[in-house]
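A.B. asks: pasting the sequence and the predicted model now:
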Amino acid sequence: MTMILLCVSAGEVFKWIGYILIAMVCFMFMIVVHELGHYTAGKILGFKINEFAIGFGPAIFKTTTNKKTGEVFSIRCVPLGGFCAFEGEDEEAETPECFNAHPVWQRIIVLASGVFFNFLSAVIILNIFFMTYGEAVPVIVDTYQFVDESHEQLFEEGDKIIEVNGKPVYSLLEAGKLGELISGSDTNEFTVLRDGKEITFTVEKSDYYYTYQDEDGNTVTDEKTGLGITYGFGQYKLGYFSAVARSFNFCGDVVELIFKSIGQLFTGAAKVKDTMGGTITAVSALVQLGQSGFAAVAYGVAVLSISIAFMNILPLPALDGSRILFAIIEAIRRKPLNRKVEGMIHAAGFFLLIGLAITFDLLHFFG
């Protein structure tokens, strides 16, 4: 018995190690994609790049990829980030290849490309996800008889509701989407997928008999007003063009959800520990998704990629949004702010963000 328990425990440990490794790889993928955006734009526009690094801390692997420019590629020992180091990024320009020697519009493109690549990767992943696994839509589980026998029940068990009044009922982000769409009217037009065919009909809310089991196991029949159905959720695979459109809309929905979450922090409707998180929280979320399979991981990577893009475009010191803001100010003033002061602001911002990330992680797990 002891040997069996040890084997089971070891199996669970290795399983969790696998989940964590997958989560780390996914997280690093998002960071590398972001930095690759900066790198690609910089290369195209002729910026001198000193190093492209995966991870932080001391290098465990380093090689010169361009002997003419001295460009280095490295893998570092802390797999929680990465960077693309441009020549003279926080200094006065000394050579034409330096970061600050380039026109402001070119610098803005380079700075914004990391965010663009994160959004682009999210769109690509979501497009594949919606074509392969599908969106979540309501699926009829049970139908009930209306009190008025002349009121025909048009729904059938297994129907997938894909549209209400011409609007998609995609519920991956909003489980209550169906209720939201039908709340404003007693009569609604539904499009359902039944036996592979789309069927459209109009349903009017009415009283119906609802049967359920009470706490003592007795069958109870009651009356309710509504569509005369109960539903769960199932997958609805989208075609290519529908998947592309949904991918862009989904990104917008995630950004809107982030704005709402931030707003709830200020109104007190949400707590910091339930809304914000650092690197460890993100990896932990991916570990949990990893237990549900590849589809859940792909979905999580897409959502986190959008979140990383959104956070990086904010005008906070050390983030891309702040550097873009400084570049815009330079364009308006027609001269840069003091490079050393700007560099100090970004450095202070970097350590502040690291501190906040650690604080959010601690609050998330121990708060």
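C.D. replies: Yep, it's here.

A.B. asks: any weak-confidence spans in this structure?
C.D. replies: By pLDDT under 70, the weakly predicted segments of the chain are 1-21, 93-94, 264-265, 268-293, 356-358, 360-367.

A.B. asks: how does it divide into domains?
C.D. replies: The chain breaks down by automatic domain parsing into domains covering 103-134+238-367, 135-236.

A.B. asks: now do the contacts for the closest residue to residue 257 other than its chain neighbours.
C.D. replies: Spatial nearest neighbour of residue 257, chain neighbours left out: residue 173 (6.7 Å); criterion: C-beta to C-beta, 6 or more residues apart in numbering. Any C-beta I mention is one placed from the backbone N, CA and C, and that applies to glycine too. Each residue near residue 173 by C-beta atoms under 8 Å, 6 or more residues apart in numbering is listed here: 250, 253, 254, 257.

A.B. asks: which of the residues you listed are buried?
C.D. replies: When the contacts of residue 173 are checked for burial by 16 or more other C-beta atoms under 10 Å, the buried set is 250, 253, 254.

A.B. asks: adding secondary structure, write those out as TSV.
C.D. replies: Converted to TSV, the buried ones among the contacts of residue 173 look like this (DSSP: H, G, I helix; E, B strand; the rest coil):
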residue	secondary structure
250	helix
253	helix
254	helix
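
A.B. asks: looking at those residues, which is nearest residue 103?
C.D. replies: Minimum distance to residue 103 across the buried ones among the contacts of residue 173 is 32.9 Å, recorded for residue 254 (C-beta to C-beta).

A.B. asks: burial check on the residue nearest to the closest one when sequence neighbours are not counted, number of neighbours?
C.D. replies: Closest residue in space to residue 254, ignoring its immediate chain neighbours: residue 306 at 4.6 Å, by C-beta to C-beta, 6+ apart. Using other C-beta atoms under 10 Å, residue 306 has 26 neighbouring residues.

A.B. asks: gap between residue 309 and residue 135?
C.D. replies: 21 Å (C-beta to C-beta, to the nearest Å).

A.B. asks: longest strand in this structure, by number of residues?
C.D. replies: strand 49-66 (DSSP state E).

A.B. asks: now do the helices in the stretch 1-150 of the chain.
C.D. replies: Ranges of helices within the stretch 1-150 of the chain are 2-45, 104-132, based on DSSP state H, counting those that start in this stretch.

A.B. asks: and residue 331, how many residues sit next to it?
C.D. replies: 15.

A.B. asks: what inclination does the strand or helix carrying it have with respect to helix 104-132?
C.D. replies: Following DSSP states H and E, one finds residue 331 within helix 320-333. Helix 320-333 runs at 150 degrees relative to helix 104-132, counting by axes from the mean of the first three to the mean of the last three C-alpha atoms, to 10 degrees.

A.B. asks: what residues of helix 320-333 count as buried?
C.D. replies: Across helix 320-333, burial judged by 16+ other C-beta under 10 Å covers 320, 321, 322, 323, 324, 325, 326, 327, 330.

A.B. asks: my understanding was that the first one contacts residue 111; is that so?
C.D. replies: When you say that, I think you mean residue 320. Yes - contact status for residue 320 versus residue 111: in contact at 4.9 Å, counting by C-beta atoms under 8 Å.

A.B. asks: packing partners for the strand or helix carrying the residue nearest to residue 254?
C.D. replies: For residue 306, the enclosing helix or strand under DSSP H and E is helix 294-313. Counting contacts by 3 or more C-beta pairs under 8 Å, 6 or more residues apart in numbering; DSSP states H and E, helix 294-313 packs against helix 2-45, helix 104-132, helix 240-267, helix 279-290, helix 320-333.

A.B. asks: flag every buried residue along it.
C.D. replies: Residues of helix 294-313 classed as buried by neighbour count (16+ other C-beta under 10 Å): 297-313.

A.B. asks: which ones are touching the spatially most central residue of the chain?
C.D. replies: Geometric centre of the chain, nearest residue: residue 303, 1.1 Å, by C-alpha atoms, centre = their mean. Taking C-beta under 8 Å, 6+ apart as the contact definition, residue 303 lies against 122, 254.

A.B. asks: from residue 104, how far off is it?
C.D. replies: Taken as C-beta to C-beta, the span from residue 303 to residue 104 is 33 Å.

A.B. asks: again with residue 242
C.D. replies: 39 Å.

A.B. asks: just to revisit the earlier point, out of the helices and strands packed on helix 294-313, nearest to residue 79?
C.D. replies: Here helix 2-45 is closest among the helices and strands packed on helix 294-313 (C-beta to C-beta), at 5.6 Å.

A.B. asks: of the contacts of residue 173, closest to residue 28?
C.D. replies: For these, the residue nearest residue 28 by C-beta to C-beta is residue 254; the value is 20.9 Å.

A.B. asks: now residue 184: how far from residue 165?
C.D. replies: For residue 184, the distance to residue 165 - C-beta to C-beta - is 9 Å.

A.B. asks: and those two? Which one has more around it.
C.D. replies: Counted by other C-beta under 10 Å, residue 184 and residue 165 do not tie: residue 165 has more neighbours, with 15 against 8.
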